[in-house]
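Peer 1: Here is my input, please return the structure:
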Amino acid sequence: MVSVLGYHRAVLAVVRSLDERAWAALRGGPVDGVGDLLLRNAYRLEAEAHPVVHRAARRAAEALGMDSAIECFQVNGEPNAVYLHQDGPAVIVFQGPLLDRLGEDELTAVIGHELAHRLLWEAEEGGYLAVDRLLDAAAADARTPQQYLETHRRWSLATELFADRGALTACGDLSTTVRALLKLQTGLSNADPAAYLRQADGLDLSTGSRGTTHPEGVGRAWALKNWQVGDDVEALVTGPLDVDAPDLLDAVLLRELSRDFAAAIAHTEGLRTDAVATAAAGFADPPGPLGVPGGAMSRFDEPLTVRPVDGAPMPRPRPLTEATRRYLCYLLLDLATADPETGDDGLVASLAIARRSGLKGYDDVADDELGWSDRQRARLARAADEVVA
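Peer 2: Model prediction:
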């Protein structure tokens, strides 16, 4: 069974909660047919003349548990295959000389990839299709906030990884699936999938894909291999937690992270004053008094444990980018200097927090902003080291 990515489920939960009327409008109405347009402008691949295509299509559909009719068309262009969503038969359009390059097993993988798009759009009573419509419309509007644009980018990456799972499920073989992917991407008539998988193993993909609509091919091959053995692959979609480029989910996470860190600071000996508590309360949502954070304060030199959103499992623990660490340094410094009465005791407490939290750049940030002398910095650092010890 092809499993939907955690990223899909989390974004669906967030979008569904934003505006019920907009959600209902997005889900309403049938999908317009595309048959007449294709009949006028494309060549229909009928079963009698193109039996291999239809055998591959039936095999892919059976493996994916689909019983809808499938229509295949051919048009000119660069080698590619595209699924066109409509009510009724599933429509797949082949472009250029793709069919001449693929064996039947590889063709089954390609068709499985395209049919997986239909599986996703029909799941959750059309919920994922509604999100896709919303994000596509948002991406086309110049007024759209950056968080939506980044969500659209990551959603597209996640959708292609889901479709790749459909390809592997359809043909049942990792090497065949990767070879089909390579033929599509490179235009080669032959390729070595084992070599490509070794290439993927030599990369650090935890920083995420830089693709805009599809992950890089080597990342897709890596994701297929690791998904097959049950490993998590969603780092390719999300990457580290970056305060400079959050999506809708990361915006929520960053607010929670700021709130919890501010609460931890405000309850630290040396900074436990009314003025610091008032400043820290500004990070609550809505602003208000902050309770004591649960358990020991998070160590931000370790991956974060990402919280669920409306019960939807979020992707893997997330490391922090340097920009996010610098943001946390400034948050700490703002609270450490919110009450002049805390004096050096407050600064020492903040340096100790930074050491416990893995914010190694905090000393430099504080020095740059406060203009410490070398002697003052050394004295405060020694005191903080003693507190930590």
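Peer 1: CA only for contacts and neighbour counts going forward, please
Peer 2: Fine.
Peer 1: Let me know the helix or strand that Leu37 is in.
Peer 2: helix 35-41 (DSSP states H and E).
Peer 1: ok, now which ones touch Leu333?
Peer 2: Contacts for Leu333 were tallied using C-alpha atoms under 8 Å, 6 or more residues apart in numbering; they are 350, 366.
Peer 1: SS state for it?
Peer 2: helix (DSSP: H, G, I helix; E, B strand; the rest coil).
Peer 1: Now do the helix holding Leu37: distance to the chain's middle.
Peer 2: Averaging C-alpha positions (C-alpha atoms, centre = their mean, to the nearest Å) puts helix 35-41 36 Å from its chain's average.
Peer 1: Just give the nearest non-adjacent residue to Leu351, would you?
Peer 2: Ala384 (5.7 Å; C-alpha to C-alpha, 6 or more residues apart in numbering).
Peer 1: again with Asn80
Peer 2: Setting aside the residues directly before and after it, Asn80 is nearest to Gln95 in space (C-alpha to C-alpha, 6+ apart), at 5.0 Å.
Peer 1: my hunch is that Phe94 is in a strand, does that hold up?
Peer 2: Yes. Judged by three-state DSSP, Phe94 forms part of a strand.
Peer 1: Below-threshold pLDDT in the stretch 1-150 of the chain: ranges please.
Peer 2: Within the stretch 1-150 of the chain, the ranges that satisfy pLDDT under 70 run 19, 22-23, 26-33.
Peer 1: What ranges does it have for its helices?
Peer 2: 6-18, 20-27, 35-41, 51-63, 98-101, 104-122, 127-139, 146-171 (DSSP state H, counting those that start in this stretch).
Peer 1: Can you give me the buried ones in the fourth one?
Peer 2: When burial is assessed from 16 or more other C-alpha atoms under 10 Å, helix 51-63 yields the following buried residues: 52-54, 56-61, 63.
Peer 1: Next: the fifth one.
Peer 2: Residues 98-99, 101 are the ones in helix 98-101 that count as buried (16+ other C-alpha under 10 Å).
Peer 1: okay, those in a markdown table with distance to Leu370 next?
Peer 2: As requested, the buried residues of helix 98-101 are exported to a markdown table (distance: C-alpha to C-alpha, whole Å):
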| residue | distance to Leu370 |
| --- | --- |
| Leu98 | 63 |
| Leu99 | 67 |
| Arg101 | 65 |
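Peer 1: Pick out whichever of those residues sits closest to Leu331.
Peer 2: Set against Leu331, the nearest of the buried residues of helix 98-101 by C-alpha to C-alpha is Leu98 (54.2 Å).
Peer 1: which one is that closest one nearest to, not counting chain neighbours?
Peer 2: Pro79 (4.8 Å).
Peer 1: Which residues are in contact with that neighbour?
Peer 2: Pro79 neighbours (C-alpha under 8 Å, 6+ apart): 94-98, 184, 187.
Peer 1: how about 7 Å then?
Peer 2: Counting by C-alpha atoms under 7 Å, 6 or more residues apart in numbering, Pro79 makes contact with 95-98, 184.
Peer 1: same deal with Ala63?
Peer 2: Applying C-alpha under 7 Å, 6+ apart, the residues near Ala63 are 169-170.
Peer 1: ditto for Gln74
Peer 2: Per C-alpha under 7 Å, 6+ apart, neighbours of Gln74: 42-45, 93-95.
Peer 1: Buried only: go through those residues for me.
Peer 2: For the contacts of Gln74, buried by 16+ other C-alpha under 10 Å: 42, 45, 93-95.
Peer 1: Going by distance to Ala138, which of those wins?
Peer 2: Nearest member of the buried ones among the contacts of Gln74 to Ala138, counting by C-alpha to C-alpha, is Val93, at 26.2 Å.
Peer 1: Do a quick rundown of the helices in the stretch 151-300 of the chain.
Peer 2: 174-186, 193-201, 217-228, 235-238, 248-266, 274-281.
Peer 1: Relative to Gly361, which of those is closest?
Peer 2: That would be helix 248-266 among the helices of the stretch 151-300 of the chain, by C-alpha to C-alpha, at 16.4 Å.
Peer 1: Output the contacting helices and strands for the closest one.
Peer 2: helix 146-171, helix 274-281 (3 or more C-alpha pairs under 7 Å, 6 or more residues apart in numbering; DSSP states H and E).
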